[in-house]
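Trainee: for reference, the sequence and a predicted model appear below.
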Amino acid sequence: MFDFFKKKPVENDHNIYAPATGVFMPIAEVPDDVFSQKMMGDGFAVVPDEGTIFSPVSGTVASIFPTKHAIGIKTDDERDVIVHMGIETVDLGGSPFELYVKVGNKVNSKTKLAKMDLAEIAKEERDNHVIVVFPELPADKLELSSNEQVSYGNRVGTLL
């Protein structure tokens, strides 16, 4: 009789999506020890063909680094995700990045997070890998199932 007072369960999207179109790679192959040795957590990377970056998960933007090179997302089931754009790009002071989101915005795989100026990053002799990291996620809770070439928004794995 009073079912309308009950909270409806949240349908969590546990899928992980490619944040960019390009070449998918396991995190162990990222050319930076902090990522490849999983010091920040498990995950994967995409070497982008073009600079538009989308959300790899459904959730809420939890943080944006002042240098715009990294965006933190909290999934709907409270898991942390970091989208890190480029390697050693923090030193560039945000100049190659244009953000499309703010803290508190809801996001999903169709949400544009940012635009990377790939030419500027190359000119500065930095790698342009888009790295998706899941800090504090146990290794057995991430299942990746991608091939080498991916398109943004395509499913590349699942959070278990």
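Mentor: Looks like it arrived, so ask away.
Trainee: going along the chain, name the helices of this protein.
Mentor: 33-36, 118-123 (DSSP state H).
Trainee: burial count for the residue nearest to Ser63 when sequence neighbours are not counted?
Mentor: Closest residue to Ser63 apart from its sequence neighbours, by C-beta to C-beta, 6 or more residues apart in numbering: Gly72 at 3.7 Å. Where you see a C-beta, it was placed from the backbone N, CA and C, and this is true even at glycine. Gly72 has 19 neighbouring residues, counting by other C-beta atoms under 10 Å.
Trainee: beta partners for Gly72?
Mentor: When assigned by DSSP bridges, Gly72 has beta-bridge partners Ser63, Ile82.
Trainee: relative to Glu29, how far out is the closest residue to Pro26 other than its chain neighbours?
Mentor: Sequence neighbours aside, Phe44 is the residue nearest to Pro26 in space, at 6.0 Å (criterion: C-beta to C-beta, 6+ apart). Applying C-beta to C-beta, to the nearest Å, the value for Phe44 to Glu29 is 9 Å.
Trainee: more crowded one of these two?
Mentor: With neighbours defined as other C-beta under 10 Å, Phe44 and Glu29 compare such that Phe44 has more, 28 against 12.
Trainee: mind listing what the more buried one touches?
Mentor: Residues near Phe44 by C-beta atoms under 8 Å, 6 or more residues apart in numbering: 24-27, 131-132, 144, 146, 156-157.
Trainee: show the pLDDT at the residue nearest to Pro26.
Mentor: In this model, Phe44 is scored at 96, pLDDT.
Trainee: tell me where the model's unsure across the chain.
Mentor: Scanning the chain for pLDDT under 70 picks out the ranges 1-12.
Trainee: what are the boundaries of the strands in it?
Mentor: For the chain, strands defined by DSSP state E occupy the ranges 15-17, 22-26, 42-48, 52-54, 59-64, 70-75, 80-87, 97-99, 106-107, 112-116, 127-134, 142-144, 149-150, 155-159.
Trainee: which strands or helices does the fourth one pack on?
Mentor: Spelled out, it's strand 52-54. strand 112-116 (3 or more C-beta pairs under 8 Å, 6 or more residues apart in numbering; DSSP states H and E).
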